[in-house]
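Participant: Give me a model of this one.
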Amino acid sequence: MISANFTLNDTTPVKILDSQNFEQHIYVHNEVAGAIYVGGSDVTATNGFHLGNHESVEIRVPQDNELYGITGSGAGTVIVLRPN
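Facilitator: Predicted coordinates for the structure are as follows:
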């Protein structure tokens with residue numbers, strides 16, 4: 001397993017998963033005191049997938065897609081776990 005921590009903010013989406021030429025199966029854990037939102041490079045608190053404080057989710061990311069994150073407010077850490 002490969003894990004990585006990313007610091008998110010509430011102004012600019014941060015890439016948390018690079019594109020690959022195969023489907024990726026990952027786990028995302030929110031370590032932010034509030035909500036985070038994940039989605040494409042244009043993710044916002046309005047259009048992103050909501051992940052509450054200390055929640056985790058399993059995501060299958062299609063081939064040739066990236067994943068970005070942003071916080072609802074302030075800054076904090078998100079953890080991404082990916083099987084190698």
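Participant: All the strands of the chain, residue numbers only.
Facilitator: Along the chain, counting by DSSP state E, strands occupy 2-8, 14-17, 24-30, 36-39, 49-51, 56-61, 67-71, 76-82.
Participant: who does the third one pair up with?
Facilitator: Okay, so that is strand 24-30. strand 56-61 (antiparallel), strand 76-82 (antiparallel) (DSSP bridges).
Participant: ok, now the first one?
Facilitator: In the sheet containing strand 2-8, the strands it pairs with under DSSP bridges are strand 76-82 (antiparallel).
Participant: buried set for the partner strand?
Facilitator: Buried positions in strand 76-82, judged by neighbour count with 16 or more other Cβ atoms under 10 Å: 76, 78, 80, 82. Glycine gets a C-beta too; all of them are placed from N, C-alpha and C.
Participant: Serialize the strands of the chain to a markdown table and add fields for mean pLDDT.
Facilitator: Below are the strands of the chain laid out as a markdown table (pLDDT from 0 to 100):
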| stretch | mean pLDDT |
| --- | --- |
| strand 2-8 | 95 |
| strand 14-17 | 98 |
| strand 24-30 | 96 |
| strand 36-39 | 98 |
| strand 49-51 | 97 |
| strand 56-61 | 96 |
| strand 67-71 | 97 |
| strand 76-82 | 95 |
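Participant: Quick one: closest of the strands paired with strand 24-30 to Ile70.
Facilitator: Ranking the strands paired with strand 24-30 by proximity to Ile70 (Cβ to Cβ) places strand 76-82 first, at 9.8 Å.
Participant: if I look at the residue located most distally from the centre of the chain, how far off is Asn65?
Facilitator: Here the chain reaches farthest from its C-alpha mean at Asn21, the gap being 19.0 Å by Cα atoms, centre = their mean. From Asn21 across to Asn65, the span is 11 Å (Cβ to Cβ, to the nearest Å).
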